[in-house]
Structure formats: C-alpha cells, structure tokens
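Trainee: Provided below for reference: sequence and predicted model.
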Amino acid sequence: MDTPALLAAHGLCFSRDDERVFGPLDFHVDTGEALLVQGDNGAGKTTLLRVLAGLLRPSAGRVEIDGRAASTAERARFVAYLGHLPAMKPDLDTLQNLHFLCGLHGRRARQMPGNALAVVGLAGHEDTLVRHLSAGQKRRLALARMWLSPAPLWLLDEPYANLDLEGINLVNRMISAHLRGGGAALVTTHGAYAAPPVRTRQLQLALPQVAA
Ligand SMILES: Nc1ncnc2c1ncn2[C@@H]1O[C@H](COP(=O)(O)OP(=O)(O)OP(=O)(O)O)[C@@H](O)[C@H]1O
C-alpha cells in the first residue's frame, strides 16, 4: 500500500465575503520534499499558509496529515509557521525569546537556543533586545525558532525576505537539512527568488479573474 503524503489538500478553497481568494486546490507534499507556492502579489499565498497552519478556516475542502483529517490542535503541533512578522517579544532578548518559544511549543531533540542562534549567524547577540535587531537579524532569529521547532512541516512565507546572500544560502541549507531529517516544507516565493536545492513540487496560484 502507498504511504500517505505527509500533508495533502483536497478541494481546498478560501473565500472572504463570498469572494474567492484561492481554490479549489489539490496538492500534497511528502517527507523529504519542498512545495514551492508561487504567485503574484495578492494571489493568496499567505492566506493558503495561514489556512494550512490552522489560523484561518477553509471555506471548503479538507487538509489531511499522514492520510487522515487532523484537529486544529494536532495541526498546530505538526506545523511550524514563519510569517511576515517575526512573532517575537520586542522587549526580551534573543535568547529569552527562544527559551520562551521552546517552553510553549517544545524543542527538537539535541537542539538548544544558544546553538540555534549560532546556526543562524547571531552568536554574540544573545543579550540583544529584539527591538534592537535589524530586519535581516529579526528574520534570522525567526529562522532560529524554526530550527528549534519539533514540527515536521515548515510553512515558510517569503523566507528569503530581508536576507543578504549569505542569509539566502542559510535558508537553503536549513531547508535541505530539515528535509534530510525527515521533514517537509512549503515555501512561498514570487518566482524570482532562489529556490532551495531539494526535491521540489510547484503550486502556482493565480489572481482571480476580474470581469470586464
Ligand atoms: N486580513 C485581511 N482582510 C481582508 N483581505 C485580506 C486580508 N488579508 C489578505 N487579504 C486579501 O486576500 C488576498 C490574498 O492575500 P495574500 O496576502 O494571501 O496574498 P499573497 O499571495 O501572499 O501576496 P504577496 O505576494 O503580496 O505577499 C489579497 O487580495 C488581499 O488583499
């Protein structure tokens, strides 16, 4: 029997005030794969990731994890979400933020906040308040949080935003390592960015047609 996909969406739609944002979409992603979600500004990439993270309720369709429907709580344990905003407490330092988030969501075996900061190039910034970090450093801190997460599915919304070339390579190395460790990732891009050098599927979202 075929192994079920790590994550599968069937007929997934999202509408706001009866206006379709995306869908119906059918796609899946397996262990060791990345799904690149591409589309123009406003095509619904962030909305799709928020639906998959359980932050928004789909208008129709279903999401399965390992071949079965999952509750919102199960979904929350299964995914780690990197959004546009850093989701960190600005008046705590970087290390305090990571310890707090590990307490909330758990932690990957053998990974500690201090070494996650080193992985993302923030060694020496352990005592820096988040509000004093640059945009790229905040992004790196958010990536450290992903690195520590025990969740197998990463939902990465524009992970390359605000990063220098070394940061872009860092994202690709992190995604590759996560996939080699048995994880999977959904990555939104506008199509112009570097894509991770891993086994990749593509999902193209289109803007809704406007009646003439
Ligand atoms: N909170 C909201 N309330 C109302 N409309 C929203 C909200 N968030 C997004 N939208 C609308 O939903 C549509 C899809 O937005 P979304 O952010 O998912 O697009 P995107 O593909 O991620 O865009 P971008 O590439 O610019 O980040 C857009 O038309 C946007 O205006």
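Mentor: Here it is on my side, so go on. All of these numbers come straight from a predicted model, not from anything done at the bench.

Trainee: Tell me the secondary structure at the residue most central in space within the chain.
Mentor: Centroid-nearest residue in the chain, with Cα atoms, centre = their mean: residue 155, separated by 1.9 Å. Of the three states, residue 155 takes strand according to DSSP: H, G, I helix; E, B strand; the rest coil.

Trainee: Can you tell me who it pairs with across the strands?
Mentor: Beta-bridge pairing of residue 155 under DSSP bridges involves residue 81, residue 186.

Trainee: Test my guess that it contacts residue 79.
Mentor: Yes: assessed by Cβ atoms under 8 Å, residue 155 is found in contact with residue 79 at 5.4 Å. Any C-beta I mention is one placed from the backbone N, CA and C, and that applies to glycine too.

Trainee: returning to what we had before: check contacts around the residue nearest to the centre of the chain.
Mentor: 49, 52-53, 79-82, 185-186 (Cβ atoms under 8 Å, 6 or more residues apart in numbering).

Trainee: just so I have it, where are all the strands in this structure?
Mentor: Remark: strands assigned in the chain by DSSP state E are 7-16, 19-29, 34-38, 60-65, 68-69, 79-82, 153-157, 184-189, 200-204.

Trainee: between the ones you listed, which one is nearest to residue 136?
Mentor: strand 79-82 (14.0 Å; Cβ to Cβ).

Trainee: Next, the contact list for the residue lying closest to residue 108 once chain neighbours are set aside, please.
Mentor: In space, and not counting its chain neighbours, residue 108 is closest to residue 150: 4.9 Å by Cβ to Cβ, 6 or more residues apart in numbering. Contacts here follow Cβ under 8 Å, 6+ apart; on that basis residue 150 touches 105-109.
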